[in-house]
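**Student:** quick one: sequence and predicted model below, then my questions.
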Amino acid sequence: MKTNQVPGPAIHVQGLEKSYKKLEVLRGVDFEVAPGSIFALLGSNGAGKTTVVRILSTLLAPDAGTAHVNGFDVATQSAQVRASISLTGQFAAVDEVLTGRENLVLVAKLRHLKDSGTIADELLERFSLTDAAARKVSEYSGGMRRRLDIAMSLIGDPRIIFLDEPTTGLDPQARLEVWRMVKELAANGTTVLLTTQYLDEAEQLADRVAILNEGKIIVNGTLAELKAMLPPAKVEYVEKQPTLEDVFFALIGANK
Amino acid sequence: MSQHFLSDTSVLLGRSLRHISRSMDTIITTAIMPIAFMLLFVFVFGGAINTGTDSYVNYLLPGILLITIASGISYTAYRLFLDLKGGIFERFQSMPIARSSVLWAHVLTSLVANLVSLVVVVLMALLMGFRSGAGVVQWLGVAGLLVLFTLALTWLAVIAGLSAKTVDGASAFSYPLIFLPFISSAFVPTETMPAPVRAFAENQPVTSIVNSIRDLLNQQQVGSDLWIAIAWCVGILVVAYFFAMAAYRRKIS
């Protein structure tokens, strides 16, 4: 199916509501994401981030409100939406029994692409998984699993990628790798919507940040706009202490 | 998207068959319990059971085959449950594929896995002295009934796999199904049972299926039992399919 980019926002969400029985998870969520940008949905556990992602990836129907992805309505044009997106869920959705390469070939075949083997090999190379290509995924580390997971999401060059808490549970190095990948994606014109509970992650990656709290977006803006909402910073002189992160990377010899 | 249904289903079928070929132990485990029952009944209890036939293993095999299927489909529920739990089900559902192919791939995998287990059990029965003079047509009839029974129970397993909360729950539903052949004509003739038990045994699905398979293997005229057996299988299949699809729609909306 052809999914040419429709002019206008890549994602447009208006008045989204969703309840599970009596629990109101989303209580009127509105936001827009510009094509090619990185948009971070920031919130604590249970704020409703995953629910938003599930609605946008057509896995869940909202109770009220509308959502458009790549110009297509998630409720009435779900097939076109699915052809425009890729979902990387909260837990690496990889097949444990298959090898890394087989996982990639599987997704390429399901996306009806020719040369699934070549596509798999290129991604293995790009995500530094070539050496592990023939090993079962159950033997992979958390970081490798996540890399494979994201690699699987890139197959077919979807215009919009949803990353639901992409770095939760990863060690600091794997986290930096994921950040690098996300930046690369956006640089190539892919729209990225990511959810996170880490403030520094939103700060590092996002062009715009929306804070989701108790089912509503309470702030939405660029990092500079969010910072301007607080009183101007007071200038103080403090001796710069190395953070534990600086020490960690100095000791293990990784360069950022 | 339905134009991709066949290709998507075959890709996903290839995936789960690969799972099975990498964990042959699930097929062996499936076959071990029925084989143990077969050994127990033929070599321990069999001498004291009077079925009015020369060979007890010949009498017993049809029921053992149904037990094989009943224990085999618990793995179908198990595999489906793991896909849901692991998130790969959601990944597939968010991709531009024919969505129902995810379910159909599991159903076809169940069919293949059960047929392999059935072949293992029949080979074991041959070692234990099972013999049949049945011709190609009769064997096709037996295979047809077993496939129909497998499909019917597989759709039951799909309901369990989709709605279970725990791994144990996903496979526990098969225990009553494994037990059902014991209260049927599978091991002893129903005439020896007390009236209420006999009434149940003669009117539950296993008896008609067992009798039909037995008659086919013994090259005897198959009577109305065959039609009752087919009606049971198709009936269970249709009802289970309906509820499985309802459970599936709840899952994806």
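**Tutor:** Looks like it arrived, so ask away.
**Student:** now check stretch A:40-50, is it near chain B?
**Tutor:** No. Judged by Cβ under 8 Å from any Cβ of the partner chain, stretch A:40-50 makes no contact with chain B; its nearest approach is 10.8 Å. Yep, even glycine has a C-beta here, placed from its N, CA and C like the rest.
**Student:** buried stuff in that stretch?
**Tutor:** Judged by neighbour count using 16 or more other Cβ atoms under 10 Å in any protein chain shown, the buried positions of stretch A:40-50 are A:40, A:41, A:42, A:43, A:47, A:48, A:49, A:50.
**Student:** quote the end-to-end distance of that stretch.
**Tutor:** Criterion Cα to Cα, to the nearest Å; first-to-last residue distance in stretch A:40-50 is 12 Å.
**Student:** who touches that stretch?
**Tutor:** Stretch A:40-50 has contacts (Cβ atoms under 8 Å, 6 or more residues apart in numbering or on different chains) with A:18, A:25-26, A:29, A:52-53, A:90, A:164-165, A:193-197, A:199, A:201-202, A:205-206, A:208-215.
**Student:** what do you get for stretch B:116-132?
**Tutor:** Outside of stretch B:116-132, the residues within contact range by Cβ under 8 Å, 6+ apart are B:27-28, B:30-31, B:34-35, B:38-39, B:42, B:55, B:57-58, B:61, B:64-65, B:68-69, B:72, B:146, B:217-219.
**Student:** what's the average pLDDT for that stretch?
**Tutor:** When pLDDT is averaged along stretch B:116-132, the result is 92.
**Student:** wait, residue B:189 touches residue B:49, no?
**Tutor:** No. Applying Cβ atoms under 8 Å as the test, residue B:189 and residue B:49 come out as separate, 9.1 Å apart.
**Student:** give me the neighbour count for residue 173.
**Tutor:** All of this refers to chain A. A count of nearby residues for residue A:173, using other Cβ atoms under 10 Å in any protein chain shown, gives 13.
**Student:** not what I meant, chain B
**Tutor:** As a burial measure, the neighbour count of residue B:173 was computed by other Cβ under 10 Å and equals 18.
**Student:** okay, and the nearest residue to it once chain neighbours are set aside sits in which element?
**Tutor:** The spatial neighbour of residue B:173 that comes closest, neighbours along the chain excluded (Cβ to Cβ, 6 or more residues apart in numbering or on different chains), is residue B:160 at 4.3 Å. With the criterion set as DSSP states H and E, the secondary-structure element containing residue B:160 is helix B:136-163.
**Student:** report the buried residues of that helix.
**Tutor:** Along helix B:136-163, these residues count as buried under the neighbour rule (16+ other Cβ under 10 Å): B:138, B:141-142, B:145-163.
**Student:** go on, stretch B:222-237?
**Tutor:** Neighbour-count burial for stretch B:222-237, counted by 16+ other Cβ under 10 Å, picks out B:222, B:225, B:226, B:228, B:229, B:230, B:232, B:233, B:236, B:237.
**Student:** spit out the contact partners of the closest residue in space to the fourth one that isn't next to it in sequence.
**Tutor:** Read it as residue B:228. Excluding the flanking residues, the one nearest residue B:228 by Cβ to Cβ, 6+ apart is residue B:208, at 4.1 Å. With contact taken as Cβ under 8 Å, 6+ apart, residue B:208 is in contact with B:225, B:226, B:228, B:229, B:232.
**Student:** could you do residue B:169 as well?
**Tutor:** By Cβ under 8 Å, 6+ apart, residue B:169 lies in contact with residue B:160.
**Student:** surely it is in a strand?
**Tutor:** No. The assignment for residue B:169 (DSSP: H, G, I helix; E, B strand; the rest coil) gives helix, which keeps it out of a strand.
**Student:** let me know the pLDDT of it.
**Tutor:** Predicted confidence (pLDDT) for residue B:169: 85.
**Student:** cool, and residue B:55?
**Tutor:** In this prediction, residue B:55 carries a pLDDT score of 84.
**Student:** quick one, longest helix in chain B?
**Tutor:** Secondary structure of chain B read by DSSP state H shows that its longest helix is helix B:56-86.
**Student:** run the chain-centre distance for stretch A:176-190.
**Tutor:** 10 Å (Cα atoms, centre = their mean, to the nearest Å).
**Student:** enumerate the positions of it that are buried.
**Tutor:** Taking 16+ other Cβ under 10 Å as the basis for neighbour counts, the residues of stretch A:176-190 that come out buried are A:176, A:177, A:178, A:179, A:181, A:182, A:185, A:186, A:190.
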